[in-house]
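Enquirer: Sharing a model that was predicted from the sequence below.
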Amino acid sequence: LFLGVERRTWSYTCYWGRLDREEKQSPPATRQISAQGPQYRRPNPHPSACGSAPSAPTQSRPTGCEQRRCPPRSPTGAPSSWEKAKGAGNGAEMSTMTPEVKSVWMKFRRSNSDAAALVLKLGGDNETVEVDGEVREMSPEDLAEEMSDSNPRWIIWIVKIPRDDGRVQYPLIPIYFSPEAGNDRSKMLYSSQTTKVAQAFDLGKIHPLHDLDDMTFDALKEMHISSV
């Protein structure tokens, strides 16, 4: 019995002694006043474990132009050589319309004639578009008789088309005339510039035409309906 009491007393002494050593090693408690009354909170001896200490700065995530790796612009604000090459590759930059042609085109597209046509051709440099002729109040059949059946041309028509509900339309109907008996090189040049002409004049679908005898008012109306 004496040995059991002595062993139990020795274990209690070791336990309380361990608590005393922990209290001496830990920092003193600080008193904090809150709305609920005084509270005691012991400072954390290891602030990095709970995240109370300021963490190391993290690397910012790249956004915007850094993610796309866009090339820097020149100090003057002009597009770089990379941007010029990119614009030239998709056909966005082109000089197919001269100021004279643009002036004629702006007046022509405001026309309210029953039938008007603007005939365009390639210039001497095979890139610039020139005006070959402009007619008003002329039927498609009459214009077909005056045109050459061996030279490619672009023809932009404005015709009066009445609707069933009583309204009247004046749509733009672009045509690319490529004669079957024409020169192959000339047709190839016109064909390569057709898409650029449609972009420069802000046209929709350009309808192909191989025979001038097929250029009639009914054919123009069907072209307009097919492109709507």
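Expert: Alright, I've got the coordinates. Residues are numbered from 1 along each chain as shown.
Enquirer: pLDDT weak spots in this protein?
Expert: 1-96 (pLDDT under 70).
Enquirer: hmm, try it at 90
Expert: Along the chain, segments meeting pLDDT under 90 span 1-99, 110-113, 124-127, 149, 162-166, 180-183, 204, 225-228.
Enquirer: what are the ranges of the strands in it?
Expert: Listed in chain order, the strands of the chain (DSSP state E) span 30-34, 37-41, 115-122, 129-136, 153-159, 161-162, 168-169, 172-177, 207-209.
Enquirer: what's the closest of those strands to Val104?
Expert: Nearest of the strands of the chain to Val104, taken as CB to CB: strand 129-136 at 5.4 Å. Yep, even glycine has a C-beta here, placed from its N, CA and C like the rest.
Enquirer: List the buried residues for the closest one?
Expert: Applying a neighbour-count criterion of 16 or more other CB atoms under 10 Å, one finds 129, 131-132, 134-135 buried in strand 129-136.
Enquirer: Which neighbouring elements make contact with it?
Expert: Here strand 129-136 touches helix 99-108, strand 115-122, helix 184-200, going by 3 or more CB pairs under 8 Å, 6 or more residues apart in numbering; DSSP states H and E.
Enquirer: elements contacting the first one?
Expert: Contacts of helix 99-108 with other secondary structure elements, assessed using 3+ CB pairs under 8 Å, 6+ apart, are made with strand 115-122, strand 129-136.
Enquirer: returning to that earlier point: Glu141: which of the helices and strands packed on strand 129-136 is closest?
Expert: Using CB to CB, the nearest of the helices and strands packed on strand 129-136 to Glu141 is strand 115-122, at 10.2 Å.
Enquirer: Relative to the closest one, what are the paired strands and their orientations?
Expert: strand 129-136 (antiparallel), strand 153-159 (antiparallel) (DSSP bridges).
Enquirer: So which of those strands is nearest His224?
Expert: strand 153-159 (7.9 Å).
Enquirer: picking up where we left off before, export the strands of the chain to TSV and append columns for distance to Glu146.
Expert: Below are the strands of the chain laid out as TSV (distance: least, CB to CB, whole Å):
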stretch	distance to Glu146
strand 30-34	99
strand 37-41	101
strand 115-122	10
strand 129-136	8
strand 153-159	12
strand 161-162	23
strand 168-169	26
strand 172-177	13
strand 207-209	15
